[in-house]
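K.L.:
fold the following for me, if possible:
(one chain, ligands or ions: 1)
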Amino acid sequence: MVIDRTSPGAPVRVRGLVKRYRDLIAVDRLDLDIDSGEIFALLGPNGAGKTTTTEILEGFRRRDDGEVSVLGEDPQVAGRSWRSRIGIVLQSSNDYAELSVEELTRHFARYYPRARDVDEVIGAVGLESKRRTRVRALSGGQRRRLDVALGIIGTPELLFLDEPTTGFDPQARRSFWELIRRLRDEGTTILLTTHYLDEAEQLADRVGVITAGRLVALDSPERLGGRESRQARVRWRDGEEMTDSPTRLVTELAGRYDGEIPGLQVLRPTLEDIYLSLIGGERDE
Ligand SMILES: Nc1ncnc2c1ncn2[C@@H]1O[C@H](COP(=O)(O)OP(=O)(O)OP(=O)(O)O)[C@@H](O)[C@H]1O
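P.N.:
Residues are numbered from 1 along each chain as shown. Take a look at the predicted model:
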């Protein structure tokens with residue numbers, strides 16, 4: 001199914017967003033644009049303001065200042081039809097312990113004017129074999145997958161994913177990533193918050209890093225924080241060197257060893273290395 005977009009312009013546009021909790025400034029004049037059809041990952045340490053920001057975008061929290069437009073409307077006043085165009089992965093399934101996977105998914109589908117096919121969605125999250133199982137008998141990771149199913153059943157134009165793969169086994173994460181890419185390819189815009197940097201690397205078209213309620217970096221995972229121009233670490237059995245030109249060093253080493261360089265590794269900074277340097281963390285090699 002391909003999304004038919006009714007609102008022109010960026011699906012998410014935030015200008016000067018401020019949110020205070022008493023004397024704590026949780027979001028501090030944040031500007032953010034999320035483009036149509038992209039996967040945008042919002043990263044930041046615990047307490048950085050990610051949940052506050054997403055919940056303001058979802059219309060669940062009020063802001064103190066700034067402008068927010070989500071699918072062309074102000075989430076603070078937007079109504080039911082707007083809500084049916086966004087998807088949120090909540091931990092909803094826990095509230096329906098006695099329903100089966102299929103019953104619950106069908107139940108949610110009825111709320112949406114453009115619901116996806118129930119069987120297709122259950123298949124997409126890999127729960128076919130649990131179709132008739134009650135929610136209370138699902139494992140933690142299976143429940144989370146069901147939550148994802150409930151978040152996408154309405155064919156949302158904009159999907160919010162808050163730490164979606166917590167508790168997934170590695171295989172389930174891989175197939176979840178595939179599903180998310182497929183949704184993006186169909187035209188869904190996705191806002192992802194995650195503490196898994198490999199997930200952001202795998203999925204995100206762009207990454208924004210926030211600390212203390214402010215956006216401190218914004219770029220593609222490959223370019224974030226000048227990543228592509230950082231030095232590489234060349235490591236081999238007998239040594240290690242930081243260099244701007246790893247190819248030249250490796251060629252030289254190959255000559256030195258007359259062929260295979262024992263234990264050769266060329267290491268570029270990972271997204272996690274870059275992230276930690278951006279938020280001021282240090283990491284031992
Ligand atoms: N309802 C609230 N009342 C008071 N303070 C709050 C409330 N919600 C959040 N905060 C504070 O606002 C700041 C931002 O919290 P938020 O939940 O947005 O962070 P986060 O980036 O989502 O963190 P995490 O990665 O831990 O989920 C924190 O210092 C938090 O203690």
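K.L.:
quick one: pLDDT of Tyr21?
P.N.:
pLDDT recorded at Tyr21 is 96.
K.L.:
with His107 instead?
P.N.:
Looking at His107, its pLDDT stands at 94.
K.L.:
next helix or strand past the helix ranked longest in the chain?
P.N.:
Ranked by residue count and defined by DSSP state H, the top helix of the chain is helix 170-185. Toward the C-terminus, helix 170-185 is succeeded by strand 189-193 as the next helix or strand (DSSP states H and E).
K.L.:
direction included, what does that following strand pair against?
P.N.:
strand 39-43 (parallel), strand 158-162 (parallel) (DSSP bridges).
K.L.:
redo these as TSV? Include mean pLDDT, distance to the ligand and mean neighbour count.
P.N.:
Placement of C-beta: from N, CA and C, glycine included. As requested, the strands paired with strand 189-193 are exported to TSV (pLDDT from 0 to 100; distance: least, Cβ to the nearest ligand atom, whole Å; neighbours: other Cβ atoms under 10 Å):
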stretch	mean pLDDT	distance to the ligand	mean neighbour count
strand 39-43	97	8	25
strand 158-162	94	8	23
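K.L.:
turn these into CSV, columns for distance to Arg214.
P.N.:
Listed next are these as CSV, based on distance: least, Cβ to Cβ, whole Å:
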stretch, distance to Arg214
strand 39-43, 12
strand 158-162, 20
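K.L.:
nearest to Ala254, out of these?
P.N.:
For these, proximity to Ala254 was assessed by Cβ to Cβ; strand 39-43 is nearest, at 38.0 Å.
K.L.:
quick one: residues in contact with the closest one.
P.N.:
With Cβ atoms under 8 Å, 6 or more residues apart in numbering as the contact definition, strand 39-43 has outside contacts at 12, 34, 50, 53-54, 180-181, 184, 189-195, 197, 199-200, 203-210, 221, 275.
K.L.:
low-confidence stretches in the stretch 1-150 of the chain?
P.N.:
Residue ranges of the stretch 1-150 of the chain with pLDDT under 70: 1-8, 92.
K.L.:
would you mind naming what in it lies close to the ligand?
P.N.:
21, 24, 26, 44, 46-52 (Cβ under 6 Å from any ligand atom).
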